[in-house]
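A.B. asks: coords please:
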Amino acid sequence: TSDLQPPTSVLITVEDTGRGMSKEMQSQAFERFTRDESVKKEIQGTGLGLYIAKIIVQAHHGEIWAESEGEGRGSRFFVRLGKS
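C.D. replies: This is a model prediction of the structure:
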């Protein structure tokens, strides 16, 4: 018999090499209508994409977050969902 237990959750990670995010932006990124002031003129959008992703993940009893080493260093986005 094995003492290993099956995992209770799955972690999905997406990483990019884009603009990255400041620490302040990381804490606000999943709020409704939040846009990085430095790119508002260059990149069109409503500031709802990550907010909608958060609502969907939370509806499935999961969690979502982002990490970045800072501006110009890309970002990593994480979604953890429980296994049923």
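
A.B. asks: what about Arg19, distance to His60?
C.D. replies: 28 Å (CB to CB, to the nearest Å). Any C-beta I mention is one placed from the backbone N, CA and C, and that applies to glycine too.

A.B. asks: quick one: which of the two has more around it?
C.D. replies: Arg19 (17 against 10; other CB atoms under 10 Å).

A.B. asks: element containing Arg19?
C.D. replies: Using DSSP states H and E, Arg19 sits in no helix or strand.

A.B. asks: Let me know the pLDDT of it.
C.D. replies: Here the pLDDT value assigned to Arg19 is 85.

A.B. asks: Also Ser2?
C.D. replies: Ser2 is given a pLDDT of 63.

A.B. asks: do the same with Glu37
C.D. replies: 62.

A.B. asks: likewise His60?
C.D. replies: pLDDT at His60 comes out at 95.

A.B. asks: got the contact list for it?
C.D. replies: Leu81 (CB atoms under 8 Å, 6 or more residues apart in numbering).

A.B. asks: Could you list the low-confidence segments of the protein?
C.D. replies: Where the chain drops to pLDDT under 70, the residues are 1-2, 35-43.

A.B. asks: in the helix ranked longest in it, what's buried?
C.D. replies: Taking DSSP state H as the criterion, the chain has its longest helix at helix 49-59. Across helix 49-59, burial judged by 16 or more other CB atoms under 10 Å covers Leu50, Tyr51, Lys54, Val57.
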